[in-house]
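Enquirer: Here you go, sequence then predicted model.
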Amino acid sequence: MALNNNPQLHIYPTPDEVLASLADYFVELANQAIATHGRFSVALSGGNSPKKLYELLASSPYRSRVIWEKVDFFFGDERYVPHTDPESNYLLAKKTLFAPLHIASAQVFAVDTALSPAEAARRYTQTIEHYFGSKKARFDLVLLGLGDNSHTASLFPHTTVLQEAGVGAKEVFVEEKQAYRITLTAPLINQAQAVAFLVYGTDKAAAVQRVLTKERNVKEFPAQLIAPASGELHWFLDADAAAEVQKLKGSWTSLFG
Ligand SMILES: O=C(O)[C@H](O)[C@@H](O)[C@H](O)[C@H](O)COP(=O)(O)O
C-alpha cells in the first residue's frame, strides 16, 4: 500500500536525531537556494515541536553553515494575538532563531495581528505576492507540524479554509480554540519547492497514521491536503510518532539514523 501523497519518510529512534536530520536538510536547502537564486525563503511552523529545531539551527555547528543574511522568514500560520503574547509563533521564532542569529527585521515577514483577522490575512497575502513579484509565489521550504487531530498550519478539521482555492493567507476562526488564526492556504503551501513535516511523540502516532494511510478525507484529516505540485514532500518522524505506520512495513522505505 502506497502512502498518501507519496512522501519521503525520515524516521529516527529519538526526537534529537530527527531534529538533527531536519536541521541538516534545512541547511542543504538553504545553501542550494542561495546558490541558485540568491535567497532562501522559508515559512516557519508554530507550536512547540519546532522550538528545539530553531534552537539547534541557531547553535553550533548549524549557525555557521548558512549565510543567514540571505534567508527570509515567513510564517505558515500565526495565532491572532499580539507579537508579545506567549502564544505568538512570531515570538517563539524571535526568541529561538531571529535574536540569537541577529536576523534583521527586513528579513522577517510577520503577520500583522494588530489588524482585524480578515485585514491581517489580506495584507499577508499582499506581502507574499510582493515578495515573489510576478513569479508564482513559491517558498523554498515550508515547515509544518501536525496536531493530534490531523490539522497542519491552521488548516483545522471542518473549517471553511480547507476549501479555499486561493493562493495566499486566510483568516480562520477555530472553534476548538475559540480564537482566530491566520494561515497559508493549502494551494500556496503546495506551490513550495519543499515541504517538511516535523512530528515526534507518541501522542501524534494516530494522526500520522490517519493522514498517511487513511482514504482521503481532508475535512477530517486536513494535513492530507498537503501535496506539493512539483516540490518534495518529507516527513521527519521519531519512532514514537511513526509507530502506527511502522506496522505497515514493506509499503515504504525508512531511514534509520
Ligand atoms: O500554530 C500552530 O500551532 C502550528 O502551526 C500548528 O499547526 C502546530 O504545528 C500543530 O498544532 C502541532 O503543534 P505542537 O508542535 O505544539 O504539537
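Expert: Sure thing, it's come through.
Enquirer: Would you mind naming what in the stretch 151-257 of the chain lies close to the ligand?
Expert: Applying C-beta under 6 Å from any ligand atom, one finds that the stretch 151-257 of the chain approaches the ligand through H151, T152, A153. C-betas here are computed from N, CA, C, even on glycine.
Enquirer: Let's see that with 8 Å instead.
Expert: For the stretch 151-257 of the chain, the contact set with the ligand under C-beta under 8 Å from any ligand atom comprises H151, T152, A153, S154, L155, R181, L198, V199, G201, D203, K204.
Enquirer: mind listing what the second one touches?
Expert: Meaning T152. Counting by C-beta atoms under 8 Å, 6 or more residues apart in numbering, T152 touches L144, G145, L146, F197, P222, A223, I226.
Enquirer: Going along the chain, name the strands of the stretch 101-250 of the chain.
Expert: 141-144, 169-174, 179-184, 194-199, 232-238 (DSSP state E, counting those that start in this stretch).
Enquirer: Taking the stretch 51-200 of the chain, what residue is nearest to the ligand?
Expert: Closest to the ligand within the stretch 51-200 of the chain is G145: 2.2 Å, counting by C-beta to the nearest ligand atom.
Enquirer: roughly how far apart are that residue and G47?
Expert: Separation of G145 from G47 (C-beta to C-beta, to the nearest Å): 5 Å.
Enquirer: Let me know the average pLDDT across stretch 170-182.
Expert: For stretch 170-182, the mean per-residue pLDDT is 97.
Enquirer: Make residue 1 into 54 and carry on from there
Expert: From this message on, residue numbering opens at 54, which makes the last subject stretch 223-235.
Enquirer: C-alpha coordinates for that stretch, PDB please?
Expert: This file holds the C-alpha atoms of stretch 223-235, laid out as PDB (Å, rounded to 0.1, in the frame of the first residue of the first chain):
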ATOM      1  CA  LYS A 223      -6.700  33.400   5.100                       C
ATOM      2  CA  GLU A 224      -8.200  34.100   8.500                       C
ATOM      3  CA  VAL A 225     -10.000  31.200  10.200                       C
ATOM      4  CA  PHE A 226     -12.000  31.000  13.400                       C
ATOM      5  CA  VAL A 227     -11.000  27.800  15.200                       C
ATOM      6  CA  GLU A 228     -14.000  26.600  17.300                       C
ATOM      7  CA  GLU A 229     -11.900  24.300  19.500                       C
ATOM      8  CA  LYS A 230      -9.500  27.200  20.300                       C
ATOM      9  CA  GLN A 231     -12.300  29.800  20.300                       C
ATOM     10  CA  ALA A 232      -9.800  32.000  18.600                       C
ATOM     11  CA  TYR A 233      -8.800  33.300  15.100                       C
ATOM     12  CA  ARG A 234      -5.800  32.100  13.300                       C
ATOM     13  CA  ILE A 235      -4.200  33.400  10.100                       C
END
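Enquirer: Any buried residues in that stretch, and which?
Expert: Using 16 or more other C-beta atoms under 10 Å as the test for burial, stretch 223-235 gives K223, E224, V225, V227, Y233, R234, I235.
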